[in-house]
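J.: have a look; sequence and predicted model below, questions after that.
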Amino acid sequence: MVSSYNQEKPIKFLGIKSDPLIKKMINLLMRNGKRSKAENVLNKALQSLDNDYPGRALHIFYLGILSVKQDIGVRLKPKAKTRRNKQSFNIYLPRIISPICGLNLGIRSLLKVSREQSITSPLWKNLSKELLKASQNKGEVVDKRYSLNKLAISNKRRIHFGVRY
């Protein structure tokens, strides 16, 4: 009988739990108060990045998070209640997002894309792929961010920017 203790145990990223960005990622990844499951998913994602790119997992993580961070948001202008002013098109109002809120939106969009693709493979594998793509300024999340920025720039004449907290 072969003992399972002879196999190498994977390296855990234990010292990074005190990092505020890692804490934020775990909190947004957590569902129904299952913190240990969220930590395991993030740990496996970082381990798979570390297997492919030794010693660069945290660097890829930070580059990916900072590349999906949103700076500008867009909201629809509410339509007028009078019947005379019937507009058949939507008016988009750009707004500047505070850095913390933009970071949250970026992480949430990254997790949303990873969860949508997790039907075929595990969430940690999709999360590591999305982080790698985002660190290279590629992928679905970065494309959404650039299209949103383009929409905001095309409508910038409609409003003076104000910071939203």
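T.: Cool, got the structure. Given the structure is predicted, the values throughout are model-derived calculations rather than measurements.

J.: show me how far whichever strand or helix holds Cys101 is from its chain's centre.
T.: According to DSSP states H and E, Cys101 maps onto helix 99-116. Centroid separation for helix 99-116 versus its chain: 3 Å, with Cα atoms, centre = their mean, to the nearest Å.

J.: low-confidence regions, the protein specifically.
T.: For the chain, residues meeting the criterion pLDDT under 70 lie at 1-16, 79-89, 158-165.

J.: tell me which stretches of it form helices.
T.: Across the chain, reading from the start of the chain, the helices by DSSP state H fall at 20-29, 35-52, 57-68, 99-116, 123-135, 140-154.

J.: can you list the ones you listed in a markdown table and add mean neighbour count?
T.: Every C-beta, even on glycine, is put in place using the N, C-alpha and C of the backbone. As requested, those are exported to a markdown table (neighbours: other Cβ atoms under 10 Å):
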| stretch | mean neighbour count |
| --- | --- |
| helix 20-29 | 16 |
| helix 35-52 | 18 |
| helix 57-68 | 20 |
| helix 99-116 | 18 |
| helix 123-135 | 22 |
| helix 140-154 | 16 |
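
J.: to Lys77, which of the ones you listed lies closest?
T.: Each of the helices of the chain has some distance to Lys77 by Cβ to Cβ; the shortest is helix 140-154, at 13.2 Å.

J.: which elements pack onto that closest one?
T.: In terms of contacts (3 or more Cβ pairs under 8 Å, 6 or more residues apart in numbering; DSSP states H and E), helix 140-154 is packed against helix 57-68, strand 72-76, strand 92-97, helix 99-116, helix 123-135.

J.: just the CA atoms of that helix, as CSV, please.
T.: Output in CSV follows, covering the C-alpha atoms of helix 140-154 (Å, rounded to 0.1, in the frame of the first residue of the first chain):
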residue,chain,number,x,y,z
GLU,A,140,-12.9,39.6,-22.4
VAL,A,141,-12.7,41.8,-19.3
VAL,A,142,-10.0,44.1,-20.8
ASP,A,143,-12.0,44.3,-24.1
LYS,A,144,-15.1,45.3,-22.1
ARG,A,145,-13.2,48.0,-20.3
TYR,A,146,-11.8,49.5,-23.5
SER,A,147,-15.2,49.5,-25.1
LEU,A,148,-16.7,51.2,-22.1
ASN,A,149,-13.9,53.8,-22.2
LYS,A,150,-14.6,54.4,-25.9
LEU,A,151,-18.3,54.9,-25.2
ALA,A,152,-17.5,57.4,-22.4
ILE,A,153,-15.1,59.4,-24.5
SER,A,154,-17.6,59.6,-27.4
